[in-house]
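Novice: A structural model of the following input is requested.
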Amino acid sequence: MDDELQQRMQVINEMLLEMASGNFFYRIKRSPKNDNIEALVVTLNMLAEEIQDTIIHQGYANTNKTILDIVQMSFVLDAKGCIRMVNQKTCNILSSLYDDIVGKSFESFLSQASIPKWKAKWNRIKEKEIFDTSINLKFKSKGDLIIPKIAYLTTFNYSDIKDKWTLITIIHHSNFQNQLDSDLKNRVVKQAKKNEEISSKSTNKISKPKLRLSFEDIRKIREGHDIIINNLERDFPSLKDFALQIGTNEFKLKYGFKELYGTTVHRFLMQERLRKAQMMIQYSDVSLKLIAYMVGFKSMPHFSRSFKKRYGYSPSALRKNSITNNS
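Specialist: Below is the predicted model of the structure:
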C-alpha cells in the first residue's frame, strides 16, 4: 500500500473512531480523485450529516431527553456480501478477532431468524443502483449471544467497473443521557475508591508510582478478557497486535490485565484453556487429542504436560474417573 493510499485510509479510520465516540460533526475533506476511497468518504460524510441533523432536531424538540447516538458496529461489504472492513468495536461486540470477521459473509454473523430477512433485503439492494434503508437484525456473537440492532444500509460504487459495495452502520440510540452519565460516574468513582483501598493497605511499602487506569482503559481490558475466553482455540496474536485491536497499547494491556485479574495475559490464556479442557474431559466423550486441539494446543504431549503441571494428574487419569465413564 503506497503512502498516499495509506494516509487516506488513516483519515477514514479516524472518522470512524470519531463517530464511535459520538462525534458526528467530524467531516473528511474531499479530494479531486474519483475512486472507491473517495466514494466511501462521500458516504461517510453524508451519514454523519444525517445523524447530526437527527441529534440537533431531537435536542431542540425535547431538551430534557436528548438522544445519544453512538456508532457501535460498522461493516463494509463487497458486491458478493463479504465483509471487507469493520471497526474495532465490531470485534469487541461479536467477541471475535479481526481476521475471523473480514472475508466472511455478513449473514454468518446473524441469527437464524434474521438470515431470511437479510437475504430478502440483500436481493433488493442488488436490484437497485442506489439504495438507502434500515433493517432490524439480530446479530450472533461467538458465544451465541443474540444482539438485536437496527442496521442502516447505504450502497456506493467501489471502482471504475462500478462494483456496488454496501456500508452497514449499527447505531445505538438512547434517550437516557443523564442516566448513562450517572452510571458511568458511579462506576468510575467505585473503581477509584477500590484503588484507594488497595493503595492504603500498602502505604508502608516503598514502590514506584503506579499507572492510573481510566474507566475507558478498564472497559477495553475487560473486552479483551472476553475476547480471549471466546477464542481459546485460536492462535493468540502478539500482545502488541492484541492491544491495538482492543484500542490500547501493550504497556497498558499488560499492566491493566495484571491489576484487574491478578495474572498475565498469557498465563490467563493458559489457565482458561486448561479449565475448559478439564470440563470437556469430565463431561463429554470427545477424544483427548481433539480436546487438546479445541483448546488451542498444537501437540498432545504439550497438552498433557501442561495439564498435569496445573492439576497434578494427567488428562487420561481424569478421563478414567470422569462422570461419563462412571455413569
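Novice: and residue 197, what pLDDT?
Specialist: Predicted confidence (pLDDT) at residue 197: the value is 69.
Novice: Equivalent analysis for the one 5 residues further on, please.
Specialist: pLDDT, the model's per-residue confidence, is 56 for residue 202.
Novice: can you check residue 13 too?
Specialist: Model confidence at residue 13 (pLDDT) stands at 77.
Novice: right, and the secondary structure at it would be what?
Specialist: helix (DSSP: H, G, I helix; E, B strand; the rest coil).
Novice: Sketch out the low-pLDDT regions of this structure for me.
Specialist: The chain contains residues with pLDDT under 70 at 1, 17-26, 49-50, 52-71, 129-131, 143, 158-162, 172-195, 197-210, 323-327.
Novice: any idea which element residue 167 lies in?
Specialist: Element membership of residue 167 [criterion: DSSP states H and E] is strand 164-174.
Novice: how about that strand: buried residues?
Specialist: 164-171 (16 or more other CB atoms under 10 Å). In this view, the C-beta of every residue, glycine as well, is placed from N, C-alpha and C.
Novice: got it, and stretch 135-153?
Specialist: By 16+ other CB under 10 Å, the buried positions in stretch 135-153 come out as 135, 137-142, 147, 149, 151-153.
Novice: ok, back up a step: okay, the buried residues of strand 164-174 in JSON lines with distance to residue 273 next?
Specialist: What follows is the buried residues of strand 164-174, written out as JSON lines (distance: CB to CB, whole Å):
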{"residue": "164", "distance to residue 273": "43"}
{"residue": "165", "distance to residue 273": "38"}
{"residue": "166", "distance to residue 273": "38"}
{"residue": "167", "distance to residue 273": "37"}
{"residue": "168", "distance to residue 273": "34"}
{"residue": "169", "distance to residue 273": "36"}
{"residue": "170", "distance to residue 273": "31"}
{"residue": "171", "distance to residue 273": "36"}
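Novice: Return the member of the residues you listed nearest to residue 294.
Specialist: Relative to residue 294, the closest of these is residue 170; by CB to CB it sits at 30.7 Å.
Novice: pretty sure the closest one contacts residue 74?
Specialist: Yes: using CB atoms under 8 Å, residue 170 is in contact with residue 74, at 7.3 Å.
Novice: Would you point out which residue is most central in this structure?
Specialist: residue 92 (1.5 Å; CA atoms, centre = their mean).
Novice: Roughly how far does the nearest residue to residue 31 once chain neighbours are set aside sit from residue 79?
Specialist: Leaving aside its chain neighbours, residue 31 sits nearest to residue 38 (6.0 Å; criterion: CB to CB, 6 or more residues apart in numbering). Residue 38 is 18 Å from residue 79, where distance means CB to CB, to the nearest Å.
Novice: Please name the nearest non-neighbouring residue to residue 121.
Specialist: Nearest to residue 121 is residue 135, by CB to CB, 6+ apart, at 5.3 Å.
Novice: Surely the one you found forms part of a helix?
Specialist: No: the assignment for residue 135 (three-state DSSP) gives strand, which keeps it out of a helix.
Novice: Report the contact partners of it.
Specialist: Contacts for residue 135 (CB atoms under 8 Å, 6 or more residues apart in numbering) come out as 117-118, 121, 150-151, 153.
Novice: Quick check: of these, which lies closest to residue 107?
Specialist: Set against residue 107, the nearest of the contacts of residue 135 by CB to CB is residue 118 (5.5 Å).
Novice: Sounds good, over and out.
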